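>>> Quick one, structure for this:
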Amino acid sequence: MKHFKNLRRPPVTVALATSLLGALLGSGCLTEEGGIVEGASAAAGESAGEAAGASASEGGTKQTAGAANVENGGDGHEHQSGGAPPTAGSASGGTAGADPHAQGGSDDELPAGGMPGAGGQPDEEAHIGDPCAFHTLPDPLPLPAGEGGAGGAGAANVLLQPSAFVGTYLTDSAGRTLYTYGADLPGDCQTPPQSVCVADCLVSWPVFHASERALGEGLDDAAFGAVQRADGAWQTTYMGWPLYYYKSDLALGQMTGQGKGKIWHVAELVPPTITVMRAGATLKYLADAYGRTLYVSAADQAGSALQDPISNCKGTCLKIFEPFHARNFSTVTILEPLDFSVFTRKGSSLQLSYKGLPLYRAATDLKSGDMTGLAVEGFTVAVP
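Residues are numbered from 1 along each chain as shown. Alright, predicted model coming up:
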């Protein structure tokens, strides 16, 4: 993860101050050329919305497709899986069902280290709070022999390891790195996570499941859960994101899957403020740590090295779109730090921009992967 303490641009000159948090952080790969999605984005967004809607239904039909390079984020064998277990408790009381893993959720449950908080915008109308965490109780039964991520009885099977490249990250009991997938839909206490890695994808990216879930020092069980996949297998989740191994990581400290396809990321203790997700076969877009879509507006004036961006979202627009700003800002390593800056809006509130364009979240997006903001003229998803 890349951390930044101060992204504000002083007058006339541009300055982007970066800092090291804990261990030294390495630089990642440069992103693809890109700005905002043009005309095709709306169609892509509609299909993404339909895919997200379909993902919430259980028992979806599994499809097959042609060969794809799944190690690099290919799509040929990655389809939506259904059959998620009943959700953990929510504000409305949770979903009924005899699920031995389920437990009432809490809006106050956060992992050790916490999630990156979204900066409030008191002068504007839309405000999007952090969702409650997806959480289920660990299975009290002994872990079957040979199960991935198993340790001995009572031994920790999820641990933390330091890294100069990404910071503190999650591993299994043997030190093998755990990953999240940007095509998945992370869950919260009202919507279960959805994994789209199936078939050949699982050859390169086996699921991780620690049914007894004995956690190492520094980890909070409230941040973990388990979701049942379409094939009946269970998968451990962290902050709502399903966890995976990468087949080429065989020893402590290896993270050769980091950045594959620009949507596979090491599972970090504190997830990056901004990540890269994928909708459908090809559309990659920026999202916050909870998988909520980030937007840009064609009505805004892009910034430059000598001038701050100008946001023209005001009045009614601000009832739908929240100017995005985050404390303790960080990104996945594949994003370029110099593409981000913080500027001051009229009214003295702060907003984050990407490649010169102000970023927004839509109050009408109720869960990860939603793209309802595309229905508003001029708004498109921000693409890396």
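>>> List the contacts of stretch 356-365.
35-36, 126-128, 286, 288, 292-297, 300, 302-304, 309, 311, 313, 319-324, 343, 351-353, 370-373, 376, 379, 382 (C-beta atoms under 8 Å, 6 or more residues apart in numbering). Every C-beta, even on glycine, is put in place using the N, C-alpha and C of the backbone.
>>> Could you work out the end-to-end span of that stretch for me?
24 Å (C-alpha to C-alpha, to the nearest Å).
>>> What are the buried residues along it?
The neighbour-count check on stretch 356-365 (16 or more other C-beta atoms under 10 Å) flags 356-363, 365 as buried.
>>> taking the mean pLDDT, what do you get for that stretch?
Average pLDDT, stretch 356-365: 98.
>>> hmm, who's touching stretch 316-326?
With C-beta under 8 Å, 6+ apart as the contact definition, stretch 316-326 has outside contacts at 116-119, 121, 124-128, 273-274, 288, 294-295, 297, 311, 313, 342, 345, 349-352, 358-364, 373, 376, 379.
>>> 7 Å instead?
With C-beta atoms under 7 Å, 6 or more residues apart in numbering as the test, stretch 316-326 has contacts from 116-119, 121, 124-128, 273, 294-295, 311, 313, 342, 345, 349-352, 358-364, 373, 376.
>>> Ok, stretch 169-180 next?
Residues outside stretch 169-180 that contact it (C-beta under 7 Å, 6+ apart): 149, 151, 155-161, 163, 208, 238, 241, 243-246, 249, 251-255, 257, 264-269.
>>> If we use 8 Å, what do you get?
Here stretch 169-180 has contacts from 148-151, 155-161, 163, 186, 205, 208, 210, 219, 238, 241-246, 249-255, 257-258, 264-269, using C-beta under 8 Å, 6+ apart.
>>> what about it, start to end distance?
Using C-alpha to C-alpha, the end-to-end distance of stretch 169-180 comes to 11 Å.
>>> what do you get for stretch 189-201?
So stretch 189-201: terminal residues 27 Å apart, C-alpha to C-alpha.
>>> Sitting in strands, which of the contacts of stretch 316-326 do you find?
295, 342, 350-352, 358, 360-362 (DSSP state E).
>>> Grab the two from the residues you listed that are most spread out in space.
Pairwise distances across the ones in strands among the contacts of stretch 316-326 peak at 20.4 Å for V342 and A362 (criterion: C-beta to C-beta).
>>> Which among the contacts of stretch 316-326 count as buried?
Burial by neighbour count, judged by 16+ other C-beta under 10 Å, picks out 116, 118-119, 121, 124, 126, 128, 273, 294-295, 311, 313, 342, 345, 349-352, 358-363, 373, 376 from these.
>>> Now flag whichever of the buried residues of stretch 356-365 is closest to G232.
Each of the buried residues of stretch 356-365 was checked against G232 using C-beta to C-beta; the closest is D365, at 30.8 Å.
>>> re the thing from before, go ahead and build a ChimeraX selection from the buried members of the contacts of stretch 169-180.
If you want just the buried ones from those in ChimeraX, going by 16+ other C-beta under 10 Å, the selection is:
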select :148,149,150,151,156,157,158,159,160,161,163,186,205,208,210,219,238,241,242,243,244,245,246,249,255,257,258,264,265,266,267,268,269
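>>> before we move on, back to that, could you export the ones in strands among the contacts of stretch 316-326 as a markdown table, including distance to F134?
Formatted as a markdown table, the ones in strands among the contacts of stretch 316-326 follow (distance: C-beta to C-beta, whole Å):
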| residue | distance to F134 |
| --- | --- |
| Y295 | 24 |
| V342 | 30 |
| L350 | 29 |
| Q351 | 29 |
| L352 | 26 |
| P358 | 30 |
| Y360 | 25 |
| R361 | 19 |
| A362 | 21 |
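>>> which of those lies closest to T168?
Out of the ones in strands among the contacts of stretch 316-326, the member with the shortest distance to T168 (by C-beta to C-beta) is L352, at 23.7 Å.
>>> what residues are up against the closest one?
L352 touches 7, 324-326, 329, 340-342, 358-359, counting by C-beta under 8 Å, 6+ apart.
>>> from those, which is closest to V227?
Closest approach between those and V227, by C-beta to C-beta: A326, at 26.6 Å.
>>> Count the residues that sit near the closest one.
For A326, the tally of surrounding residues (other C-beta atoms under 10 Å) stands at 19.
>>> Let me know the distance separating it from L350.
Separation of A326 from L350 (C-beta to C-beta, to the nearest Å) stands at 10 Å.
>>> Okay, helices next: where are they in the stretch 201-350 of the chain?
Assigned by DSSP state H, counting those that start in this stretch, the stretch 201-350 of the chain shows helices spanning 201-204, 317-320.
>>> got the domain boundaries for this protein?
According to the TED database, the chain comprises the domains 158-271, 283-381.
>>> Put together JSON lines for the contacts of L352, with distance to V198 on each row.
Formatted as JSON lines, those follow (distance: C-beta to C-beta, whole Å):
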{"residue": "L7", "distance to V198": "39"}
{"residue": "F324", "distance to V198": "32"}
{"residue": "H325", "distance to V198": "37"}
{"residue": "A326", "distance to V198": "32"}
{"residue": "F329", "distance to V198": "34"}
{"residue": "F340", "distance to V198": "34"}
{"residue": "S341", "distance to V198": "39"}
{"residue": "V342", "distance to V198": "40"}
{"residue": "P358", "distance to V198": "37"}
{"residue": "L359", "distance to V198": "32"}
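>>> From those residues, pick the one nearest A223.
A326 (18.6 Å).
>>> The closest one - nearest residue in space that isn't next to it in sequence?
Nearest residue to A326 in three dimensions, chain neighbours excluded: T273, at 4.5 Å (C-beta to C-beta, 6 or more residues apart in numbering).
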